[in-house]
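Chemist: Everything below, folded, please.
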Amino acid sequence: MTAAHPALDPHAPTTSAPHPLDRPTRSALTGPQAHLAERRGRLLRFPVDVSPWLALPEDPQAGDWADLAALVGPGGTFALAATTDVTPPAGWAETFRVPGVQLVDDGVRAAFDEEAVRLGPADVPEMLDLVERTRPGPFLTRTVELGGYVGIRRGGALVAMAGERLRPEGYAEISGVCTDPAHRGQGLAGRLVLAVSAGIRARGEVPFLHTGADNTGAIGLYESLGFRLRREVLFFGLEVPRTVS
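Modeler: The predicted structure is shown next:
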């Protein structure tokens, strides 16, 4: 998982001007997915039934935390994806913490799949059922609106799916990758990742994805498909205090 030298690598983490993948949620909500953004001050988030991700400014100040509390509401929860820890004010409870990795296209063998079918709003009940049984990460009632979802059916039943989530400028994140336990070991997840990648490439964008740092099986699969590690990330959630001073 050795990255190319930063001077030769357009996807490498940056230390000067922000790269779209350094802060992908904010890049998406100020760029291609700005039409979905809910705003308050410097804060941005997706509608809560689309995605739990929220974008803080790079240097959150007291006023930003006050805006966040007002946006989310007392006792409300939200999720962040960041390269480093964010220290909230006293009294804000952490609800989860998951070290992760970000991988980017490095010669992915993208290819459309004849068995893959397009999934849309009418398929959401089946998609939610598959997600409940496989736990690939957040997938809500309107997540399908982020686009690019395809699936494989066997005997009429949805047994595998993958789609898109964040779309920072020039890139698109592959997400929701899951396979019914009874149909694992057949390469369905890999085929769908390549199919979604083909759709992203057809728009002139670059596929990337996230997964847990300890999910070595997924990391190995993605590397075998032509993705490479770009950086470590941290996913964590916070709960707004019931009473904010």
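
Chemist: alpha carbons only for contacts and neighbour counts from here, please
Modeler: Will do.

Chemist: Only the buried residues of whichever strand or helix holds V131, if you could.
Modeler: Per DSSP states H and E, V131 falls inside helix 124-134. Buried residues in helix 124-134, counted by 16 or more other Cα atoms under 10 Å: V124, M127, L130, V131, T134.

Chemist: Excluding covalently adjacent residues, which one is nearest to the third one?
Modeler: In this case it means L130. Among residues not flanking L130 along the chain, D180 sits closest, at 6.7 Å (Cα to Cα, 6 or more residues apart in numbering).

Chemist: need the contact list for that neighbour.
Modeler: By Cα atoms under 8 Å, 6 or more residues apart in numbering, the residues touching D180 are L130, R133, T134, V159, A160.

Chemist: Angles on the backbone of it, please.
Modeler: phi -60, psi 130 (degrees, to the nearest 10).

Chemist: separation between it and A195?
Modeler: From D180 across to A195, the span is 18 Å (Cα to Cα, to the nearest Å).

Chemist: quick one on the thing from earlier: past the helix holding V131, which element shows up next along the chain?
Modeler: Criterion used, DSSP H and E; the element after helix 124-134 is strand 150-154.

Chemist: what about P89, neighbour count?
Modeler: For P89, the neighbour count with other Cα atoms under 10 Å is 14.

Chemist: secondary structure class for the nearest residue to A162 once chain neighbours are set aside?
Modeler: Nearest residue to A162 in three dimensions, chain neighbours excluded: V177, at 4.3 Å (Cα to Cα, 6+ apart). When classified by DSSP: H, G, I helix; E, B strand; the rest coil, V177 comes out as strand.

Chemist: residue boundaries of the strands in this protein?
Modeler: For the chain, applying DSSP state E gives strands covering 38-40, 43-45, 54-55, 77-82, 93-105, 117-118, 150-154, 157-164, 171-179, 206-212, 227-239.

Chemist: Reformat these as CSV; add mean pLDDT and distance to G31.
Modeler: Below are the strands of the chain laid out as CSV (pLDDT from 0 to 100; distance: least, Cα to Cα, whole Å):
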stretch, mean pLDDT, distance to G31
strand 38-40, 96, 13
strand 43-45, 95, 12
strand 54-55, 94, 13
strand 77-82, 87, 17
strand 93-105, 95, 19
strand 117-118, 98, 25
strand 150-154, 98, 24
strand 157-164, 98, 15
strand 171-179, 97, 11
strand 206-212, 97, 15
strand 227-239, 95, 21
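
Chemist: Correct me if wrong: A111 contacts A198.
Modeler: Yes - with contact defined as Cα atoms under 8 Å, A111 and A198 form a contacting pair (5.2 Å).

Chemist: quick one: which of these two has more around it?
Modeler: A198 (21 against 16).

Chemist: And for the closest residue to the more buried one other than its chain neighbours, the neighbour number?
Modeler: Distance criterion Cα to Cα, 6+ apart; nearest residue to A198, sequence neighbours excluded, is A110 at 4.7 Å. Residues contacting A110 under the criterion other Cα under 10 Å number 22.

Chemist: what residues are up against A110?
Modeler: Neighbour list for A110: L194, A195, V196, S197, A198, R201 [criterion: Cα under 8 Å, 6+ apart].

Chemist: can we see that at 7 Å?
Modeler: Contacts for A110 (Cα atoms under 7 Å, 6 or more residues apart in numbering) come out as L194, A195, S197, A198.

Chemist: Residues contacting the helix or strand of the chain with the lowest mean pLDDT, please?
Modeler: Lowest by mean pLDDT, DSSP states H and E among the helices and strands of the chain is strand 77-82, with a mean of 87. Applying Cα under 7 Å, 6+ apart, the contact partners of strand 77-82 are P52, W53, L54, A55, V233, L234, F235, F236, G237, L238, E239, V240.

Chemist: Okay then, goodbye and thanks.
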